[in-house]
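*Asks:* below are the sequence and a predicted model; questions follow.
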Amino acid sequence: MPPTRVDEKKELDERLASIHGLDRPGANPSTSGGASPTDVRQAEFEAMADVFLGPNFDPGKRKEVEDLQVALHRQQADLARRHDRRELTDEAYVDATNAAIADTFKKCAAVLGREDFEKLFGLPPEQVSNLVDRDAFLGTTTNDRPQLPGQQPLEIDGVVTTYANFFRVTGTPEELVLDFGLNTQQATPTGTPESVRLTQRLVLSFYTAKRFLNALQWAVSRYEGNFGVLETDFQKRSRPQVGRGPGVFG
């Protein structure tokens, strides 16, 4: 029986959790065990290829596509650095990033063929264009780019790193209250859903909250400029798989 959507998602989630250290209690999930960003991206690609193409897929083709993806990551990182140093305008940065993505995926399609390309990346080759929304990126970076860090001394001793995949927003007329926690999506022995464990509470004035919002918009736009648009709707991230049931890369 071919793997189902749930099977593939579970397998990939487990692989990604291991890559990012989420399967080790007490580990810092943001460090991925001290691996470099390139090593992390390579491990993520290997997990995707194993799940969506199978571990016995043509090793020559797999290596070619992996090399193309690593080269794209390095090119995106270089463009981001040049943009940070103001060597590239916002417009030039978006255009260069989209061009690099389009060129890389065109080469990947030539190596894999249409069917295997769609299995791995979840969309046909002709739809891989302008993945970074130019208008959305320019709309956030033009007016909302935060000041560069380092303008004020920071004391980081005692800072605690916490992972959260759940948040709740409440507040008062004068403060915004953000609660963060972990949603394990597991069932208790009685079969009821396990409660979300709230671990951190952050209280902000609305003035600080607005500056925080601008900084978040800028940061997410930069991420999407490097790696593509983030789709937060799980159902829209689902991909029909020809001949072997649907699969998901979340």
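*Replies:* Thanks, I have it.

*Asks:* CA atoms for contacts and neighbours, from now on please.
*Replies:* OK.

*Asks:* doesn't L178 belong to a strand?
*Replies:* Yes: per DSSP: H, G, I helix; E, B strand; the rest coil, L178 lies within a strand segment.

*Asks:* just checking, it touches V169?
*Replies:* Yes: if you go by C-alpha atoms under 8 Å, L178 and V169 touch, sitting 4.9 Å apart.

*Asks:* now stretch 52-72: average pLDDT?
*Replies:* Across stretch 52-72, the average pLDDT comes to 90.

*Asks:* comparing L178 and V169, which shows the higher neighbour count?
*Replies:* For L178 versus V169, neighbours defined as other C-alpha atoms under 10 Å are more numerous around L178 (15 against 11).

*Asks:* which residues does stretch 67-74 contact?
*Replies:* Around stretch 67-74, the neighbours that count as contacts under C-alpha atoms under 8 Å, 6 or more residues apart in numbering are 38, 41-42, 100-101, 104, 107-108, 226.

*Asks:* which two from these end up farthest apart in space?
*Replies:* T38 and K107 (19.7 Å; C-alpha to C-alpha).

*Asks:* thought A49 was touching F121?
*Replies:* No: using C-alpha under 8 Å as the test, A49 is too far from F121 to be in contact (9.4 Å).

*Asks:* neighbour count winner among these two?
*Replies:* A49 (21 against 17).

*Asks:* name the element the nearest residue to the more buried one once chain neighbours are set aside belongs to?
*Replies:* The shortest distance from A49 to any non-neighbouring residue, by C-alpha to C-alpha, 6 or more residues apart in numbering, is to L120 (6.5 Å). L120 belongs to helix 114-121 when assigned by DSSP states H and E.

*Asks:* mind listing what's buried in that helix?
*Replies:* 116-121 (16 or more other C-alpha atoms under 10 Å).

*Asks:* gap between R114 and E46?
*Replies:* Plainly put, R114 is 19 Å away from E46 if you go by C-alpha to C-alpha, to the nearest Å.

*Asks:* separation between L176 and H73?
*Replies:* L176 is 37 Å from H73, by C-alpha to C-alpha.

*Asks:* ok, those two, which is more surrounded?
*Replies:* Shown here are L176 and H73; by other C-alpha under 10 Å, H73 has more neighbours (20 against 17).

*Asks:* name the element that one belongs to?
*Replies:* helix 59-84.

*Asks:* and that helix, what's buried?
*Replies:* 62, 65-66, 68-70, 72-73, 75-77, 79-80, 83.

*Asks:* give me the next element, helix or strand, following that helix.
*Replies:* That would be, after helix 59-84 and using DSSP H and E, helix 90-112.
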